[in-house]
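[1] Can you look at this prediction? I've put the sequence above it.
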Protein chains: 2
Amino acid sequence: MKIALLQCPPPAADPAAGLDRIDGAARDAAARGAALLVTPEMAVTGYAIGADTVRKLAEPATGAYHKAVADMCRKHGLAIAYGYPERGTDDDQGGAIYNSAQLVDASGQMRINYRKTHLFGDVDRAQFLPGAALSPVVALGDMRVALAICYDIEFPELVRAHALAGADLVIAPTANMVPFDSVCSRIVPARAEENGIGMVYANFVGSEGEFTYCGASCIVDAGGRDLARAGATDTALLIGDFVGRHAPEGAHLTDRRPDLYAALTAPNTGGET
Amino acid sequence: MKIALLQCPPPAADPAAGLDRIDGAARDAAARGAALLVTPEMAVTGYAIGADTVRKLAEPATGAYHKAVADMCRKHGLAIAYGYPERGTDDDQGGAIYNSAQLVDASGQMRINYRKTHLFGDVDRAQFLPGAALSPVVALGDMRVALAICYDIEFPELVRAHALAGADLVIAPTANMVPFDSVCSRIVPARAEENGIGMVYANFVGSEGEFTYCGASCIVDAGGRDLARAGATDTALLIGDFVGRHAPEGAHLTDRRPDLYAALTAPNTGGET
């Protein structure tokens, strides 16, 4: 399965510009044979745009952003993963704002709507509430995929949970900034290698408020090897081809000792003793 | 606290040679101001020496190897971490053979005796039974340390458990071979970074049976940065200086969501669904 990844600057709180960029990338990705396009965290609006702006621009999971992206999926004939600010509906946490990502398939069907569970610093906490559940794992083409968002993947527990649930690919829209470049170069490949699964990590470039995004977006195979990697500052559309994998590679999942890991699910103490 | 790391060839099932090499390294490490010397997995005997030889050379935790190393600790005035084949005593799993590592302090006191819990492939399983418990975390100088052995650290759960138990340093004797070089270059620094703790990973070089060890031993700080790193083929005594750290660096431990990690302690299914 060919997967495309868009690395681009954030759209500066302009959803029309954000959606237009996703549409253009979807057209190019489909032309290059991709079955899925992955875009950055909050790709529709930009990430560090302030709590007031986020609240103003937030949409329900089935709202205007979803409809626009579903149209692109049908028009170009590929799946799209994208990030956006989500407003909870009256039926589900009405009015609460989440940092969400969504996977829409080529038929325009929403397959995953995931609310970021691991909030990063003041920038996330000022803008969003944390999600209450991990992404499900869903079949897409010949792969089984889960969503994660940016800081989420720095937690080995989250990617491990997806691998144990049968994922062979974790898709992570991100907005990762200087000086955290090592997340792109080291942590993402480590997650792939330690679980025997693929990773797609789609970052911004350029600046937004106090942040300079560090690019280095990547598509990594189940051994942690780069299938494709972008530079630090350039807009890019990467293509990575996952060939015929249907189950995690290597023995890490079967060699685990879950009987020894009880500390990982105990209430948080932060390591202080 | 200055920590020394010995990278060397395996001693070819000759414990006298293995102990002599540790003694020489301990003398040099102490002369360079180190408070702790870390040596490879099964440093006393070599690692891939066959089940019959391992059984013949195995000693109880308080046996001849311990006594020899404790003498070195007192003589040179530093702590030593070393790997050896352990024979269970009549009081504790009599006759069973383990891949063990031990931390002995400068007074000659055994502080940790740890039996490898994550066995690697046929080579470990043919020679050893798995340990039943993780290492404790103990105070050594101004740091709190835990032991792990080789393949153990490829499991993020194990290092996380130590960090949550208050470790700010995980010491890992190893016998890591080609083509698993990425464990040295990527996984060990990732463990440090994702937990905000230091890592010491002491490997063999040279060949032993079918294996070629890949060296690249390292001492890594709490941000995943190399304090010292050896080459792929050379015998080396590295020195790394951990300055004034008493608690994990960064927010990863406090930003965890243990309520979402229940899958990690469920019985093993290997990710098959």
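    Yep, that arrived. Residues are numbered from 1 along each chain as shown, chains lettered A, B, ... in the order given.
[2] Beta-bridge partners for the closest residue to residue A:33 other than its chain neighbours, please?
    Nearest residue to residue A:33 in three dimensions, chain neighbours excluded: residue A:2, at 5.0 Å (C-beta to C-beta, 6 or more residues apart in numbering or on different chains). From N, CA and C alone the C-beta is placed, and that goes for glycine too. For residue A:2, the beta-bridge assignment (DSSP bridges) gives partners residue A:241.
[3] Please give the number of neighbouring residues around residue A:2.
    For residue A:2, the number of neighbouring residues by other C-beta atoms under 10 Å in any protein chain shown comes to 18.
[4] What of the one 10 residues further on?
    By the measure other C-beta under 10 Å, the count of residues near residue A:12 is 12.
[5] ok, now residue A:101?
    By other C-beta under 10 Å, neighbour count at residue A:101 equals 32.
[6] Please list all residues in contact with it.
    Going by C-beta atoms under 8 Å, 6 or more residues apart in numbering or on different chains, residue A:101 touches A:41, A:81-84, A:112-114, A:116, A:147, A:149, A:173.
[7] ok, back up a step: is the residue nearest to residue A:33 in contact with residue A:31, as I believe?
    No - at 11.4 Å, residue A:2 does not count as touching residue A:31 under the criterion of C-beta atoms under 8 Å.
[8] roughly how far apart are the residue nearest to residue A:212 when sequence neighbours are not counted and residue A:206?
    Sequence neighbours aside, residue A:178 is the residue nearest to residue A:212 in space, at 4.7 Å (criterion: C-beta to C-beta, 6+ apart). Noted for residue A:178: a distance of 11 Å to residue A:206, by C-beta to C-beta, to the nearest Å.
[9] I figured residue A:241 was touching residue A:34, is that so?
    No - Residue A:241 is beyond contact range of residue A:34, at 9.2 Å (criterion: C-beta under 8 Å).
[10] out of those two, which sits in the busier spot?
    residue A:34 (25 against 13).
[11] anything in contact with each of residue A:178 and residue A:206?
    Common neighbours of residue A:178 and residue A:206 (C-beta under 8 Å, 6+ apart) are A:212-213.
[12] out of these two, which sits in the more crowded spot?
    Taking other C-beta under 10 Å, residue A:178 and residue A:206 do not tie; residue A:206 has more neighbours (15 against 12).
[13] phi, psi of the residue lying closest to residue A:183 once chain neighbours are set aside?
    Counting by C-beta to C-beta, 6+ apart, residue A:183 lies nearest to residue A:176, which is 5.5 Å off, once chain neighbours are set aside. For residue A:176, the backbone dihedrals (degrees, to the nearest 10) come out as phi -100, psi 130.
[14] that older thread, against chain B, how distant is the residue nearest to residue A:33?
    Counting by C-beta to the nearest C-beta, to the nearest Å, the gap from residue A:2 to chain B is 24 Å.
[15] who's in contact with that residue?
    Counting by C-beta under 8 Å, 6+ apart, residue A:2 touches A:32-36, A:239-242.
[16] filter those residues to the buried ones?
    Buried members of those, scored by 16 or more other C-beta atoms under 10 Å in any protein chain shown, are A:34-36, A:239-240, A:242.
[17] Tell me the one of the residues you listed nearest chain B?
    Distance ranking of the buried ones among the contacts of residue A:2 against chain B, using C-beta to the nearest C-beta, places residue A:242 first at 16.4 Å.
[18] residues near the closest residue in space to the closest one that isn't next to it in sequence, how many?
    With C-beta to C-beta, 6+ apart as the criterion, residue A:242 has its nearest non-adjacent residue at 5.2 Å, and that residue is residue A:1. Using other C-beta under 10 Å, residue A:1 has 20 neighbouring residues.
[19] So for residue A:1, what's the pLDDT?
    pLDDT recorded at residue A:1 is 95.
[20] Need the contact partners of the host helix or strand of residue A:28.
    Assigned by DSSP states H and E, residue A:28 belongs to helix A:15-31. Residues outside helix A:15-31 that contact it (C-beta under 8 Å, 6+ apart): A:4, A:6, A:8, A:11, A:37, A:39, A:43-46, A:57, A:64-65, A:68-69, A:72-73, A:75-78, A:80, A:82, A:237, A:239.
[21] Among these, name the buried ones.
    A:4, A:6, A:8, A:11, A:37, A:39, A:43-46, A:57, A:65, A:68-69, A:72-73, A:76, A:78, A:80, A:82, A:237, A:239.
[22] where does the stretch 51-200 of chain A come near chain B, residue by residue?
    Residues of the stretch 51-200 of chain A found near chain B (C-beta under 8 Å from any C-beta of the partner chain) are A:117-121, A:130, A:133-134, A:137, A:144, A:151, A:154-158, A:160-161, A:163-166, A:182, A:186-187, A:189-190, A:193-196.
[23] Where neighbours are concerned, which of the contacts of residue A:101 has the most?
    residue A:173 (34 neighbours).
[24] got a list of what the closest residue to residue A:46 other than its chain neighbours touches?
    Spatial nearest neighbour of residue A:46, chain neighbours left out: residue A:10 (3.5 Å); criterion: C-beta to C-beta, 6+ apart. Residues near residue A:10 by C-beta under 8 Å, 6+ apart: A:40, A:42-43, A:46-48, A:175, A:204, A:206, A:208, A:213.
[25] about what we covered before: what is in contact with residue A:241 and residue A:34 at once?
    A:2-3.
[26] what separates the helix or strand bottoming out on mean pLDDT in chain A from the chain centre, distance-wise?
    One helix or strand of chain A scores below all others by mean pLDDT, DSSP states H and E: strand A:92-104, with a mean of 94. Here strand A:92-104 is found 14 Å from its chain centre; the criterion is C-alpha atoms, centre = their mean, to the nearest Å.
[27] Do a quick rundown of the strands in the stretch 51-200 of chain A.
    For the stretch 51-200 of chain A, strands defined by DSSP state E, counting those that start in this stretch occupy the ranges A:79-89, A:92-104, A:110-115, A:138-140, A:143-147, A:169-173, A:198-202.
[28] Columns distance to residue A:226 on top of these, output as a markdown table?
    A markdown table is the format used below for the strands of the stretch 51-200 of chain A (distance: least, C-beta to C-beta, whole Å):
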| stretch | distance to residue A:226 |
| --- | --- |
| strand A:79-89 | 19 |
| strand A:92-104 | 22 |
| strand A:110-115 | 25 |
| strand A:138-140 | 22 |
| strand A:143-147 | 18 |
| strand A:169-173 | 15 |
| strand A:198-202 | 10 |
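[29] pretty sure residue A:73 is touching residue A:80, no?
    Yes - using C-beta under 8 Å, residue A:73 makes contact with residue A:80 at a distance of 5.5 Å.
[30] which residues sit in contact with the closest residue in space to residue A:98 that isn't next to it in sequence?
    Nearest non-adjacent residue to residue A:98, counting by C-beta to C-beta, 6+ apart: residue A:115, 3.9 Å away. Residues near residue A:115 by C-beta under 8 Å, 6+ apart: A:86, A:98-100, A:129-133.
[31] before we move on, what about residue A:209?
    A:48-50.
[32] Just the buried ones from the residues you listed, in PyMOL syntax?
    Buried residues within the contacts of residue A:209, by 16+ other C-beta under 10 Å, are selected in PyMOL with:
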select buried, chain A and resi 48+49
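[33] So which of the contacts of residue A:209 are in helices?
    Within the contacts of residue A:209, no residue falls in helices by DSSP state H.
[34] ok, of the contacts of residue A:209, which one's closest to chain B?
    Nearest to chain B out of these is residue A:48 (C-beta to the nearest C-beta; 17.7 Å).
[35] got the contact list for that closest one?
    Contact partners of residue A:48, counting by C-beta under 8 Å, 6+ apart, are A:10, A:123, A:175, A:208-211.
[36] 7 Å instead, please
    By C-beta atoms under 7 Å, 6 or more residues apart in numbering or on different chains, the contact list for residue A:48 reads A:123, A:208-209, A:211.
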